[in-house]
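Engineer: coords please:
(2 chains)
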Amino acid sequence: EADIYQTPRYLVIGTGKKITLECSQTMGHDKMYWYQQDPGMELHLIHYSYGVNSTEKGDLSSESTVSRIRTEHFPLTLESARPSHTSQYLCASSETPVQGWGDTQYFGPGTRLTVL
Amino acid sequence: AQKITQTQPGMFVQEKEAVTLDCTYDTSDQSYGLFWYKQPSSGEMIFLIYQGSYDEQNATEGRYSLNFQKARKSANLVISASQLGDSAMYFCAMSALYGGATNKLIFGTGTLLAVQP
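Structural biologist: This is a model prediction of the structure:
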């Protein structure tokens, strides 16, 4: 099981503020992901990374940006928060298997963002 | 395109009874993985069980088993001997496998399970 951390757990912020959601994992996993989830709804992938200096946009369009300068760290930034960004943001990581099939994504506890 | 369908928005089960949560999927990929996650009210996503498309045997993890029927494209989760702590939202998810590794996960809409004493 991966140790994956997200801070803050809860964030209430005003419109127009710049915010960064932190995600770190200690397992040395090469792949990391950000998902967005509205209450009671399914998760949607917004960003992913398959290694350092590699980032891609996911299926759901997002105004956020990400960076992957270190293997263990995958922060998500919103330059100007808006009420439409209110949601839960979940970070996950997994490791490309050396042999065999399939790798499991392990999730952090999530950040619940509310933009007023 | 991949799609996961969970047709049960909510379910009730009596404590100590077994319950089956339905999941059907659609994909054109030959190699894929199927996952079940549990999300309690606290919000974290807890991995429960994995089934690869080439696995001939159904996956089992403790009280969880995955009833994999490839021809029907179904991957139902069976929880035996339900406990009060099993009350949560359950998500089925899938990922194509490229070179054996998973890609991004596609999630279903979830099933809210309530275990009654």
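Engineer: what pairs with the residue in chain A that chain B sits nearest to across the strands?
Structural biologist: Per Cβ to the nearest Cβ, the residue of chain A with the smallest distance to chain B is A:Phe107, at 3.8 Å. Quick note: C-beta positions are derived from backbone N, CA and C, even for glycine. Each beta-bridge partner of A:Phe107 is listed here: A:Ala92, as defined by DSSP bridges.
Engineer: how about the contacts made by B:Gln83?
Structural biologist: When contacts are counted by Cβ atoms under 8 Å, 6 or more residues apart in numbering or on different chains, B:Gln83 is found next to B:Glu15, B:Lys16, B:Val115.
Engineer: just the buried residues of those residues.
Structural biologist: For those, a neighbour count by 16 or more other Cβ atoms under 10 Å in any protein chain shown gives the buried set as B:Val115.
Engineer: would you mind giving the contacts of B:Gln83 as a markdown table with pLDDT added?
Structural biologist: Formatted as a markdown table, these follow (pLDDT from 0 to 100):
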| residue | pLDDT |
| --- | --- |
| B:Glu15 | 97 |
| B:Lys16 | 97 |
| B:Val115 | 97 |
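Engineer: just the closest of the contacts of B:Gln83 to chain A, please.
Structural biologist: B:Val115 (18.5 Å).
Engineer: ok, the closest one touching B:Ala18?
Structural biologist: No - the criterion here is Cβ atoms under 8 Å, and B:Val115 misses it with B:Ala18 at 11.4 Å.
Engineer: what do those two both touch?
Structural biologist: B:Ser82.
Engineer: in strands only, show me the contacts of B:Gln83.
Structural biologist: Judged by DSSP state E, the contacts of B:Gln83 include B:Val115 as members of strands.
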